[in-house]
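Student: Structure here, sequence nowhere to be found:
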């Protein structure tokens, strides 16, 4: 028996009405000029979700007391900022995901002179991971209502469509797993070099980005979130990219620095990829504009 484990206690907090939620916020020092309006927003936001955006406005976290003068709209504006940030993040990830699908299909099909290189287990490193990825892809094909899948099934005898078709069914997470499991570094580098990156950096970033994408797609908070899975930072390549990344010196206290676990480096890499994929684009300007608006709102 582990004596050091803290004793669990029953959860005794009762549910409270939207009206009482407002009263509770006011009792902690939040200014709520229009109670009916605030109650309306809480009836559609969920108090627990709203509370996460209250944290930077608290003077004491234990009592959840607000800093003097904090307005309900201060918190609501921060919530709206985060919602727009998720949408902008998904916009960039979508463009990269579509591009990566294209490059994966193009290079593997040409390197192995096959329309179905994804059905060649010998070109992948881990047979267990390959089997899992293939099973999930089979499930996606069976579930798919896409006309191009139905057309292939009716016309051709192969068990699966060609790779340039099935990549359109892969999520960012599945795409990341297929890419990381490619056996030859040269194959991975053929794809990575399109983006001016090394395959190790590409593999690491894809894994990280699939996590970010999942948070954003499921409406989880991105603002101020600390990600346990970061990505390996490049040490050579595009000068502007390297100079823009937030690199913490490896010192005694560097492990306590939580800044690299936040989204700054993720956005730097996304901005670099947007410039690579789209040429002249306005995604970075939109990101800067949104951040500026968020700072003004604060």
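Tutor: Received the coordinates, thanks. Remember, predicted model here, so these are calculated numbers, not experimental data.

Student: how much space between the residue lying closest to residue 127 once chain neighbours are set aside and residue 189?
Tutor: Residue nearest to residue 127 in three dimensions, not counting chain neighbours: residue 121, with 6.3 Å by Cβ to Cβ, 6 or more residues apart in numbering. Where you see a C-beta, it was placed from the backbone N, CA and C, and this is true even at glycine. Computed with Cβ to Cβ, to the nearest Å, the distance linking residue 121 and residue 189 is 21 Å.

Student: Equivalent analysis for residue 118, please.
Tutor: Relative to residue 189, and taking Cβ to Cβ, residue 118 is found at 19 Å.

Student: what's the answer for residue 112, then?
Tutor: Residue 112 is 15 Å from residue 189, by Cβ to Cβ.

Student: Show me how this protein divides into domains.
Tutor: Annotated domains of the chain cover 111-183, 213-298 [automatic domain parsing].

Student: element containing residue 59, please.
Tutor: Assigned by DSSP states H and E, residue 59 falls within strand 58-60.

Student: so what does that strand touch, helix or strand wise?
Tutor: With contacts taken as 3 or more Cβ pairs under 8 Å, 6 or more residues apart in numbering; DSSP states H and E, strand 58-60 sits against strand 65-66.

Student: Would you tell me what the next helix or strand after the strand it packs on is?
Tutor: Immediately after strand 65-66, counting by DSSP H and E, sits helix 72-111.

Student: helix or strand right after that next one?
Tutor: Later in the chain than helix 72-111, the nearest helix or strand by DSSP H and E is helix 127-143.

Student: Quick one: mean pLDDT for the helix or strand hosting residue 166?
Tutor: Using DSSP H and E, residue 166 maps to helix 163-166. Helix 163-166 carries an average pLDDT of 94.

Student: Quick check: buried residues in the strand holding residue 59?
Tutor: Neighbour counts over strand 58-60 (16 or more other Cβ atoms under 10 Å) mark residue 58 as buried.

Student: what pLDDT, on average, does it get?
Tutor: If you average the pLDDT over strand 58-60, you get 93.

Student: mind checking how far it is from the chain centre?
Tutor: 29 Å (Cα atoms, centre = their mean, to the nearest Å).

Student: who does that strand pair up with?
Tutor: Take DSSP bridges as the rule and strand 58-60 pairs in its sheet with strand 65-66 (antiparallel).

Student: How about residues contacting the strand it pairs with?
Tutor: 25, 28, 29, 30, 54, 57, 58, 59 (Cβ atoms under 8 Å, 6 or more residues apart in numbering).

Student: ok, these vs residue 38, which is closest?
Tutor: Nearest to residue 38 among those, counting by Cβ to Cβ, is residue 25 at 7.9 Å.

Student: number of nearby residues for that closest one?
Tutor: By the criterion of other Cβ atoms under 10 Å, residue 25 has 24 neighbours.

Student: residue contacts, it?
Tutor: Shown in contact with residue 25 (Cβ under 8 Å, 6+ apart): 32, 38, 66, 72.

Student: looking at those, which has the most residues close by?
Tutor: The most crowded member of the contacts of residue 25, judged by other Cβ under 10 Å, is residue 38 (23 neighbours).

Student: so what's it scoring on pLDDT?
Tutor: For residue 38, the pLDDT comes out at 96.

Student: Please apply the same query to the one 4 residues further on.
Tutor: On the pLDDT scale, residue 42 is placed at 95.

Student: and the host helix or strand of it, how far from the chain's centre?
Tutor: Taking DSSP H and E as the criterion, residue 42 maps to helix 35-45. From the chain centre to the centre of helix 35-45 is a distance of 28 Å (Cα atoms, centre = their mean).

Student: Now do it: which elements does it pack against?
Tutor: For helix 35-45, the elements it packs on are helix 18-27, helix 72-111, judged by 3+ Cβ pairs under 8 Å, 6+ apart.

Student: and with 7 Å instead?
Tutor: helix 18-27 (3 or more Cβ pairs under 7 Å, 6 or more residues apart in numbering; DSSP states H and E).

Student: how about the helix it packs on: buried residues?
Tutor: Buried residues in helix 18-27, counting neighbours by 16+ other Cβ under 10 Å, are found at 18, 21, 22, 25.

Student: Select, from those residues, the two members most distant in space.
Tutor: Based on Cβ to Cβ, the longest span within these runs between 18 and 25 and measures 10.9 Å.

Student: which regions of the stretch 151-298 of the chain sit below the pLDDT cut-off?
Tutor: Low-confidence segments of the stretch 151-298 of the chain, defined by pLDDT under 70, are located at 249-257, 280, 294-298.

Student: Any buried residues in stretch 272-285, and which?
Tutor: By 16+ other Cβ under 10 Å, the buried positions in stretch 272-285 come out as 272, 273, 274, 275, 276, 277, 283, 284.
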